[in-house]
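Asks: Generate coordinates for the sequence data below:
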Amino acid sequence: MDRPVLHALCLLALAWASPVFAGTVEISVTDTTGKPAANAVVELVAQTHSDAVSRLPEEAIIDQRDETFIPLVSLIRQGGHVVFTNHDTTMHQVYSFSPIKQFAFEIDEGQRSQPVVFDKAGVSSIGCNIHDQMVTFVYVAASPWAAITDAQGHATIADMPEGTYRAMIWHPQLMPGRTPPPATLSVGNGATKFTRVLSLLPGELGKKPMHMQMY
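Replies: So this is what the prediction gives:
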């Protein structure tokens, strides 16, 4: 077989074997008053089997400053880990009773924790046993495709294989019993819009009254 013909056949076989990454999902989330909803996580789950490798972070750093966990919400892939740092002027006792991960340890000023591995998908609520107002959340995604909305309530998931997905959304201030049901999303060549309006609890996370409702 001629070399040019063989080369062309190899390229064709490679194209058939590789997924088509052509879609972008543009996400917009607001609350019922129209205010942008920051820190919402949208996870897209393929309706058919996918061998796509996750591009989500394997590691997240959660810092402690001014008796506050920073950031409020972290997103990692399943099997990833979180490292806690303490740039505060006091010791903290970090803990979680969440079903996907239970742990407790002390971290003094200037210290850095050992990696906390999350091998189960889901959401972990984390607090400080000394300072009740402190709260942070780790969203562990089993799917390769997920994103957190910014201060404008926007997020983008790029390089999506064309196909049909189940779109799930979570927010740390979702009202009990008001979690939106999963939606079906078709991703094609180009941009796909995904918009949601969420019923959220009033107040600001990090304040004691709100913290008491999370546990």
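
Asks: By residue count, tell me the biggest strand in the protein.
Replies: The longest strand of the chain (DSSP state E) is strand 21-31.

Asks: Other residues contacting that one?
Replies: Residues from elsewhere that reach strand 21-31 (CB atoms under 8 Å, 6 or more residues apart in numbering): 36-37, 40, 42, 44, 145, 147, 149, 153-162, 169, 171, 185, 187-200. For every residue, glycine as well, the C-beta is placed using N, CA and C.

Asks: Narrow those to just the buried residues.
Replies: In terms of neighbour count (16 or more other CB atoms under 10 Å), the buried residues within the contacts of strand 21-31 are 37, 40, 42, 44, 145, 147, 149, 153-155, 157, 160-161, 169, 171, 185, 187, 192, 194, 196, 198, 200.

Asks: Can you list which of those are found in strands?
Replies: When DSSP E is applied, the buried ones among the contacts of strand 21-31 are split such that 42, 44, 145, 147, 154-155, 157, 160-161, 169, 185, 187, 192, 194, 196, 198 fall in strands.

Asks: residue nearest the centroid of the protein?
Replies: Leu75 (3.3 Å; CA atoms, centre = their mean).

Asks: Dig out what the nearest residue to Pro180 once chain neighbours are set aside forms beta bridges with.
Replies: With CB to CB, 6 or more residues apart in numbering as the measure, Ile169 is the residue that lies nearest to Pro180, at 5.6 Å, once sequence neighbours are left out. The residues paired with Ile169 through beta bridges, assigned by DSSP bridges, are Val42.

Asks: State the distance from Ile169 to Ser96.
Replies: Counting by CB to CB, to the nearest Å, the separation of Ile169 from Ser96 is 22 Å.

Asks: quick one, helices of the chain?
Replies: In the chain, the helices defined using DSSP state H lie at 3-17, 208-214.

Asks: any idea of the mean pLDDT for the longest one?
Replies: Pointing back at helix 3-17 there. Taken as a whole, helix 3-17 has a mean pLDDT of 47.

Asks: cool, and the last one?
Replies: Here helix 208-214 scores 43 as its mean pLDDT.

Asks: about what we covered before: how about the residue nearest to Pro180, what does it touch?
Replies: The neighbours of Ile169, taking CB under 8 Å, 6+ apart as the test, are Val29, Ala40, Val41, Val42, Glu43, Pro180, Arg196, Leu198.

Asks: any idea how far Gln111 is from it?
Replies: Applying CB to CB, one obtains 35 Å for the distance of Ile169 from Gln111.

Asks: Check His131 too.
Replies: The value you get for His131 to Gln111, if CB to CB is used, is 16 Å.

Asks: what does Leu56 give?
Replies: Using CB to CB, we find Leu56 at a distance of 27 Å from Gln111.

Asks: Looking only at neighbour counts, state which of these two leads.
Replies: Neighbour count, other CB atoms under 10 Å: between Leu56 and Gln111, Leu56 has more, with 19 against 15.
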